[in-house]
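> based on what follows, work out the 3D shape:
(chains A and B)
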Number of protein chains: 2
Amino acid sequence: MGNQAVTFEEKKHVKLELHCHVGRAMHIFKGRWTFPIIKTLMDGTFRFKELERALHGINTRMLVKELKELEAEGIINRQAYATVPPTVEYSLTDKGKAMEPIIAEIEKWGVKYLQ
Amino acid sequence: MGNQAVTFEEKKHVKLELHCHVGRAMHIFKGRWTFPIIKTLMDGTFRFKELERALHGINTRMLVKELKELEAEGIINRQAYATVPPTVEYSLTDKGKAMEPIIAEIEKWGVKYLQ
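The predicted model follows:
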């Protein structure tokens, strides 16, 4: 039966709260475009149109939705300027910038396993 | 207007293929339960019922679907044994085990920012 299955009791030590963090984090990161948007914003402040151009294949409606969710989660800042026409700039909060290691690991994995 | 926005030309250097890897990887990881399942399997080989018990809140149909997708992506092994009743065991492939650093970084981020 292959290597002796670890008994269920031993597996129980799999701490639930770490599960919750991974599960809850994935609830935030679930969007197909969440990580690519955050990765793009790692390079600085972007305006909406600049983000849209940098994210090939995203449509305006999706970008609006993702940016709203990321702002609500405290991962990005939205700064509006009363210029004519009005200008809006997006940048990462500290909480957003702290995701850099996650994205770096995903990239490493992707380069190795998604040829 | 805040710090001088990096010109769009400078932002262009954001390499597309890295985007693709992050985006394509997220296409695989999009499931709400994908990372918690992979994290659980980091502890060894599990049978279906053991996985179901370890993943609080998941329903059978969702677990069946996620395991099928992860097997199709080459992230988990599914080993069936002709016992009576038949037994099926799940474990991570090397490609799956290589995701450990991603999950570790998500946990670190979650512990810090998802209190």
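> which residues touch the residue nearest to the spatial centre of chain A?
Centrality entry for chain A: nearest residue to the mean C-alpha point is A:Phe35, 3.5 Å, by C-alpha atoms, centre = their mean. For A:Phe35, the contact set (C-beta atoms under 8 Å, 6 or more residues apart in numbering or on different chains) comprises A:Phe29, A:Ile102, A:Ile103, A:Ile106, B:Val22, B:Gly23, B:Ala25, B:Met26. Just so you know, the C-beta spots here come from the backbone N, C-alpha and C atoms, and that holds for glycine as well.
> quick one: secondary structure of it?
helix (DSSP: H, G, I helix; E, B strand; the rest coil).
> so for it, what's the pLDDT?
At A:Phe35, the model reports a pLDDT of 86.
> on that earlier part again, take the contacts of A:Phe35 and keep only those in strands.
In strands, judged by DSSP state E, none of these are found.
> most neighbours among these, please name it.
Counting neighbours by other C-beta atoms under 10 Å in any protein chain shown, A:Ile106 leads those with 29 neighbours.
> now that residue: how far from B:Val84?
Separation of A:Ile106 from B:Val84 (C-beta to C-beta, to the nearest Å): 43 Å.
> what of A:Leu67?
Relative to B:Val84, A:Leu67 is positioned 55 Å away (criterion: C-beta to C-beta).
> okay, those two: which has more neighbours?
Here A:Leu67 and B:Val84 are set side by side on neighbour count (other C-beta under 10 Å), and the busier one is A:Leu67, at 20 against 5.
> sec struct for the more buried one, please.
Counting by three-state DSSP, the backbone at A:Leu67 sits in helix.
> and the contacts of A:Phe35, which two are furthest apart?
Distance extremes for the contacts of A:Phe35: the farthest pair is A:Ile102 and B:Gly23 at 14.4 Å, using C-beta to C-beta.
> so which residues of chain A form strands?
In chain A, the segments counted as strands under DSSP E are A:46-47, A:76-81, A:87-92.
> tell me where chain A has helices.
In chain A, the helices defined using DSSP state H lie at A:8-11, A:16-29, A:34-41, A:48-54, A:60-72, A:94-97, A:100-113.
> least confident secondary structure element in chain A?
helix A:8-11 (a mean of 50; mean pLDDT, DSSP states H and E).
> got a list of what A:Val88 touches?
A:Val88 sits next to A:Arg47, A:Phe48, A:Arg78, A:Gln79, A:Ala80, A:Tyr81 when contact means C-beta under 8 Å, 6+ apart.
> at 7 Å instead, please
By C-beta atoms under 7 Å, 6 or more residues apart in numbering or on different chains, A:Val88 lies in contact with A:Arg47, A:Phe48, A:Arg78, A:Ala80.
> what pairs with the residue lying closest to the first one once chain neighbours are set aside across the strands?
Nearest residue to A:Arg47 in three dimensions, chain neighbours excluded: A:Glu89, at 5.7 Å (C-beta to C-beta, 6 or more residues apart in numbering or on different chains). Here A:Glu89 sits in beta bridges with A:Arg47, A:Gln79, going by DSSP bridges.
> list the residues that contact the residue lying closest to A:His27 once chain neighbours are set aside.
Once flanking residues are discounted, A:His27 sits nearest to B:Arg32: 6.4 Å by C-beta to C-beta, 6+ apart. By C-beta under 7 Å, 6+ apart, B:Arg32 lies in contact with A:Met26, A:His27, A:Lys30.
> could you export the residues you listed as a markdown table, including pLDDT?
Formatted as a markdown table, the contacts of B:Arg32 follow (pLDDT from 0 to 100):
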| residue | pLDDT |
| --- | --- |
| A:Met26 | 76 |
| A:His27 | 77 |
| A:Lys30 | 74 |
